[in-house]
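> what would the 3D arrangement of this be:
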Amino acid sequence: MSSGQKGFTIIELAIVMIIIGTIIGFGASMVVSLTVRAKRTESKDILKAASESIIGFAAVHARLPIWGNNAPDAILDEVCEVITNPIDTFSQPVYYFPADAANQLQTAGSICGRRTTNLTVCRDPACTIRVSDVAFVVATGSENANPQTGIITAGCPAGQTCIGVYQTGEPNVDDCTNAVNCPNYPSARLNRTEEYDDLVQWVTLNELKVKTGCQGPPLRIINNDLPSGKESSPYSAVIYADGGVSPYTWTLVTSPPPAPGLAFTAATATISGTPTTRGAYLVKIQVCDNNDPSGPNDNCAVKDFVITINP
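Numbers count the residues shown, from 1 in each chain. Below you'll find the model as predicted:
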């Protein structure tokens, strides 16, 4: 080159190109990482909105919505109608696990009176870390397009339905593989075990009760007193309950009969008969609801009455 000027050698040009390529590659990876992070954040907002929509439905109807089959047919399908956006930013569907043994929370009036549910969230694959009494779970498959959140059995307490919800990066996970462990997933599943990346939200029963405005005692006997009777004349009185989870189970706590000539019929919560002896008789009645059909966690209420039999 003339006049003492020097140009880039091939080696120098190669070094410059390598540096530029490295910068571009690093910038591109940063853009991809930031894009994924932004999409995860937006998907979390979609899940939160879905959860709030389900809670709003529960506040109006006093029950959780029914999943159905997510198809335009005659089958009742309330969830897809309630959730405004059923697809996350990775084009993965939102799917739903309600507390569902015997439609625990999907029957009108079943939320405020219930103390427990059959749904448990497991925070590790062995289910040693648990969140109990969950009302519902919503989830999406997120960026790996693989729904991994589903029903698990390892470590799950008897009588419970357990949903595995793990920390991002938990290895070798795929709990949503078929209609048994992932019953409400609305499309074809990509089944493979890999690091867990699902986005999940759950709402406990207590949280649902607070957000739907539940107030007052869960179960009570509403009679203030029982009518008096007359000796040798037919007598009948019905005891009523309110709240809790129907159907109710009635028990005469005091030793039968309620009074000479009277009997308590548990099936109808009725005291009836023809009293034979005048006097005042203490009657203790208990009612329990159907909060926990297979266990000891029913709501119960007890009330004392006095039946007066006049001459």
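> the residue lying closest to residue 151 once chain neighbours are set aside: what's it in contact with?
Leaving aside its sequence neighbours, residue 151 sits nearest to residue 181 (C-beta to C-beta, 6 or more residues apart in numbering; 4.4 Å). Every residue, glycine included, has its C-beta placed from N, CA and C. Neighbouring residues of residue 181 by C-beta atoms under 8 Å, 6 or more residues apart in numbering: 150-152, 175.
> any regions of this structure where pLDDT drops low?
1-8, 12-14, 16, 21-34, 69-75, 101-103, 215-217 (pLDDT under 70).
> centre-most residue in it?
Central residue check for the chain by C-alpha atoms, centre = their mean: the C-alpha nearest the mean position is that of residue 135, 1.7 Å away.
> most neighbours, which of the contacts of residue 181?
residue 150 (25 neighbours; other C-beta atoms under 10 Å).
> okay, that residue and residue 176: tell me how far apart.
Residue 150 is 4 Å from residue 176, where distance means C-beta to C-beta, to the nearest Å.
> please, where are all the helices along the stretch 201-311 of the chain?
205-211 (DSSP state H, counting those that start in this stretch).
> for it, what spans make up the strands?
For the stretch 201-311 of the chain, applying DSSP state E, counting those that start in this stretch gives strands covering 219-221, 229-230, 235-238, 241-243, 249-252, 262-265, 270-273, 279-288, 300-310.
> how about the stretch 1-150 of the chain?
95-98, 119-122, 130-131, 134-140.
> nearest to residue 279, out of the ones you listed?
Shortest distance between residue 279 and the strands of the stretch 1-150 of the chain, using C-beta to C-beta, is found for strand 134-140: 49.8 Å.
> report the strands that pair with that closest one, each with its relative direction.
Next to strand 134-140 in the sheet, as set by DSSP bridges, lie strand 95-98 (antiparallel), strand 199-204 (antiparallel).
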